[in-house]
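**Student:** predicted structure and sequence below. I'll ask about it afterward.
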Amino acid sequence: MVDICKIVCSLLCTITLVSCGIQKSIHHLPEVKQYALEVPKVERINDSTFSFNQNYLTKNRQQLWELYIKGNPLQLGYNNGALTKDLMQKQEAIFFSKVEGFVPSNFKQKLLRGFLKWYNRKMYLNVREDYQAELYGLSRYSSDQYNFIAPRYLRSLYLHGAHDIGHAMQDLALVGCSSLAVWNDNTEDGDLLIGRNFDFYVGDDFAKNKLVEFIEPEEGISYMSVSWPGMIGVVSGMNKEGITVTINAGKSKIPLTAKTPISLVTREILQYAKNIDEAIAIAKKRKVFVSESILVGSANDKDAVIIEVSPNNFGVYRVQNSSRIVCTNHFQSESYKDDKKNRKHILESHSGYRYEKLQELLQENKKLNPEKMASILRDRSGLKGEKIGYGNEKALNQLLAHHAVIFSPQKKLVWVSSNPYQLGEFVCYDLNRIFSADRLKSGEFAVSSLNISKDPFLDSREFKNYEEYKKLHNQIDDASEGKGEVLSEDWIRHYQSLNPDFWLVYYQAGKYYLSKKDFYKAKAAFEKALTKEITTVPDKRKVEKYLRKSDRKLN
């Protein structure tokens, strides 16, 4: 959070000047009197199933929570909040504890709260009134524990910009998503097929309670979405018309004020668009505050495009003479061909590498079906099958995804991954059945016969080693900064053996040796790191900088 704190300090004078604007925003509440409301009385059927009228929350055997709600905007919010109250409050606690971990200083936390109030002061002016009403209903079930950050309603609104703020402010490794769409001669049946990894990482605890939502709004089109409790926006979803949306973060300038969170733009597309042109029109009229690629698939068009939005530009990327489209974290349309930040991002980040890897896998897999798509999303190797270490962001499967999803828009089928990452069983849902009386009769959401099996990697020694590596990684990180215990040579060798192809284990060892003034071992470790596939150009520069430092200390 160092970068955010610098921004906060530089903006303190500006914050003072706009304090009147902040006061107005923090007391804002949406108008909800026009909506009929029945305050939910939730019936607890068992420990993992709850209902209210025709609204349900249940947990399936793959540990995915499934939510079905219907009604006007305010009723949707109340139904959602009443059914997911415990999950939502737990999710909020996890998120804010993560922030406290990033910013342990009480003084800096106070600065951050002031900055967020200033930064988000105009967000409500850029969010549809019906979505504000829904958020208001949802927020009635939020905890009062975090009212010192912001009142419940505005806190719920701010959290919908967390994805946007996270990558705009720091370009953190929170978002490194990959998605693709194939159709015609690239699929077994010729139908459109879409896959995506959502690599938004806020810790393992945050990803535990995945929520598969089925929403039947009073106005617009029914849709499904995969996210987490407390979220009404969409990061991955499909509507009953066969429109799909997935978002991939792009390289952004730091905007001066929050506008429309991208997840609410994609929510609007799902709720109101029946084809690609309608999706483009919706995206074009909303003011966003970060750069984002939105891959939109359409059953009615039997086509897919990438809508590329940013605060000051807009483009649409369509493939010519092809029936496949690939999206990572850089822009491809003509509108961004001269964008310096985008060009630099392609050269220095892992986006271009993953783009090439997707193209490589599509060459190897000519006719995709859902099972083959899952295999692509789970791929852990580098280009040409190179071993690049588990957790490397150059891999499609970085072993940190919040979820993976596969859409078959013409059939209205969707497969959602279960924990851990995208390795667990993919659960299949049929939207034609879910948004009909048949689902209410059966009480079942999933079509279990169409599920995709878990990845065999889950039962491997390599996976167990990776999980242990993650735990030890925090220890060596602390020890490098003098916060932890002294590490033995055997400990370091064991740590490296758990993930031997990953550059980071040698870089971390080098930093530890440097902190202990063992410059010979530090130099050897940094040299070893440089023989591996390093994630980004800035990361490689860091390794080279520490290697030069070690050399200087030896001479």
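**Tutor:** Here it is on my side, so go on.
**Student:** list the buried residues in stretch 541-555.
**Tutor:** For stretch 541-555, a neighbour-count test (16 or more other C-beta atoms under 10 Å) marks 542-543, 546-547, 549-550 as buried. The way it works is simple: take the backbone N, C-alpha and C, and place the C-beta from them, glycine included.
**Student:** what about those, which are in helices?
**Tutor:** Taking DSSP state H as the definition of helices, the buried residues of stretch 541-555 contribute 542-543, 546-547, 549-550.
**Student:** what distance do you get for the closest residue to residue 452 other than its chain neighbours to residue 355?
**Tutor:** In space, and not counting its chain neighbours, residue 452 is closest to residue 426: 3.8 Å by C-beta to C-beta, 6 or more residues apart in numbering. As judged by C-beta to C-beta, to the nearest Å, residue 426 and residue 355 stand 24 Å apart.
**Student:** angles on the backbone of residue 357, please.
**Tutor:** Residue 357 adopts backbone torsions of phi -60, psi -40, taken as degrees, to the nearest 10.
**Student:** same check, this time on residue 53
**Tutor:** Note on residue 53: backbone dihedrals following degrees, to the nearest 10 are phi 50, psi -120.
**Student:** for residue 195, same thing?
**Tutor:** For residue 195, the backbone dihedrals (degrees, to the nearest 10) come out as phi -130, psi 150.
**Student:** and the gap between it and residue 331?
**Tutor:** From residue 195 across to residue 331, the span is 20 Å (C-beta to C-beta).
**Student:** same thing with residue 353?
**Tutor:** For residue 353 relative to residue 331 (C-beta to C-beta), the value is 16 Å.
**Student:** ok, back up a step: in terms of neighbours, single out the busier of residue 426 and residue 355.
**Tutor:** residue 426 (27 against 19; other C-beta atoms under 10 Å).
**Student:** I'd say the more buried one and residue 448 touch.
**Tutor:** No. Between residue 426 and residue 448 there is no contact under C-beta atoms under 8 Å: 11.3 Å.
**Student:** for the helix ranked longest in the chain, which helices and strands make contact with it?
**Tutor:** In the chain, with assignment by DSSP H, the single longest helix is helix 73-102. The helices and strands touching helix 73-102, judged by 3 or more C-beta pairs under 8 Å, 6 or more residues apart in numbering; DSSP states H and E, are strand 49-52, strand 55-59, strand 65-71, helix 106-119, helix 129-139, helix 152-159, helix 204-208, strand 211-217.
**Student:** follow-up on the earlier one: looking at residue 195 and residue 331, which one has more neighbours?
**Tutor:** Between residue 195 and residue 331, residue 331 has the larger neighbour count (other C-beta under 10 Å), namely 29 against 26.
**Student:** look up how far residue 486 lies from residue 510.
**Tutor:** To residue 486, residue 510 is 16 Å away according to C-beta to C-beta.
**Student:** compare these two (neighbour count), which wins?
**Tutor:** residue 510 (27 against 8).
**Student:** and the closest residue in space to residue 411 that isn't next to it in sequence, how many residues sit next to it?
**Tutor:** Excluding its sequence neighbours, the residue lying closest to residue 411 (C-beta to C-beta, 6+ apart) is residue 191, at 6.7 Å. By other C-beta under 10 Å, 17 other residues sit near residue 191.
**Student:** using the three-state scheme, assign residue 191.
**Tutor:** Assigned with DSSP: H, G, I helix; E, B strand; the rest coil, residue 191 falls in the coil class.
**Student:** got the contact list for it?
**Tutor:** Contacts for residue 191 (C-beta atoms under 8 Å, 6 or more residues apart in numbering) come out as 183, 302, 408-411.
**Student:** which one among those gets closest to residue 372?
**Tutor:** Nearest to residue 372 among those is residue 408, at 12.7 Å by C-beta to C-beta.
**Student:** ok, the closest one - how many residues close by?
**Tutor:** Neighbours of residue 408 (other C-beta under 10 Å): 26.
**Student:** ditto for residue 306
**Tutor:** The number of residues packed near residue 306 is 23, by other C-beta under 10 Å.
**Student:** and for the one 4 residues further on?
**Tutor:** Close neighbours of residue 310, defined as other C-beta under 10 Å, add up to 24.
**Student:** in contact with it, which residues?
**Tutor:** 250, 252, 288, 290-292.
**Student:** let's go with 10 Å and repeat that
**Tutor:** Listed by C-beta atoms under 10 Å, 6 or more residues apart in numbering, the contact partners of residue 310 are 250-253, 255, 288-293, 331, 335-336, 339, 341-342.
**Student:** below-threshold pLDDT in the stretch 351-500 of the chain: ranges please.
**Tutor:** Along the stretch 351-500 of the chain, the parts satisfying pLDDT under 70 run over 439-443.
**Student:** now do the strands in it.
**Tutor:** Taking DSSP state E, counting those that start in this stretch, the strands of the stretch 351-500 of the chain run over residues 403-408, 413-416, 427-430.
**Student:** could you dump these to a markdown table with distance to residue 122?
**Tutor:** Below are the strands of the stretch 351-500 of the chain laid out as a markdown table (distance: least, C-beta to C-beta, whole Å):
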| stretch | distance to residue 122 |
| --- | --- |
| strand 403-408 | 31 |
| strand 413-416 | 35 |
| strand 427-430 | 37 |
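**Student:** please identify the deepest-packed of these.
**Tutor:** Mean neighbour count, computed with mean count of other C-beta atoms under 10 Å, is highest for strand 403-408 among the strands of the stretch 351-500 of the chain, reaching a mean of 28.
**Student:** can you show me the CA trace of that strand as CSV?
**Tutor:** The C-alpha atoms that make up strand 403-408 are tabulated as CSV, following Å, rounded to 0.1, in the frame of the first residue of the first chain:
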residue,chain,number,x,y,z
HIS,A,403,-13.1,-18.7,-10.4
ALA,A,404,-13.2,-20.0,-13.9
VAL,A,405,-16.3,-20.1,-16.1
ILE,A,406,-17.2,-21.8,-19.4
PHE,A,407,-20.3,-20.5,-21.3
SER,A,408,-22.2,-22.2,-24.1
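**Student:** out of the contacts of residue 310, name the ones that lie in helices.
**Tutor:** Cross-referencing these against helices under DSSP H gives 341-342.
**Student:** spatially central residue in this protein, please.
**Tutor:** What sits nearest the mean C-alpha location of the chain, by C-alpha atoms, centre = their mean, is residue 200, with 3.1 Å.
**Student:** distance of the residue lying closest to it once chain neighbours are set aside relative to residue 199?
**Tutor:** Leaving out its chain neighbours, the residue that sits closest to residue 200 by C-beta to C-beta, 6+ apart is residue 402, at 4.9 Å. Applying C-beta to C-beta, the value for residue 402 to residue 199 is 7 Å.
**Student:** show me what contacts the nearest residue to residue 339 once chain neighbours are set aside?
**Tutor:** In space, and not counting its chain neighbours, residue 339 is closest to residue 331: 6.7 Å by C-beta to C-beta, 6+ apart. For residue 331, the contact set (C-beta under 10 Å, 6+ apart) comprises 248, 250-251, 291-293, 306, 308-310, 313, 315, 317, 337, 339, 341-343, 345-346, 351.
**Student:** swap in residue 218?
**Tutor:** Counting by C-beta under 10 Å, 6+ apart, residue 218 has contacts 35-36, 70-76, 130.
**Student:** farthest pair in these?
**Tutor:** Counting by C-beta to C-beta, the most remote pair of the contacts of residue 218 is 70 and 130, 14.6 Å apart.
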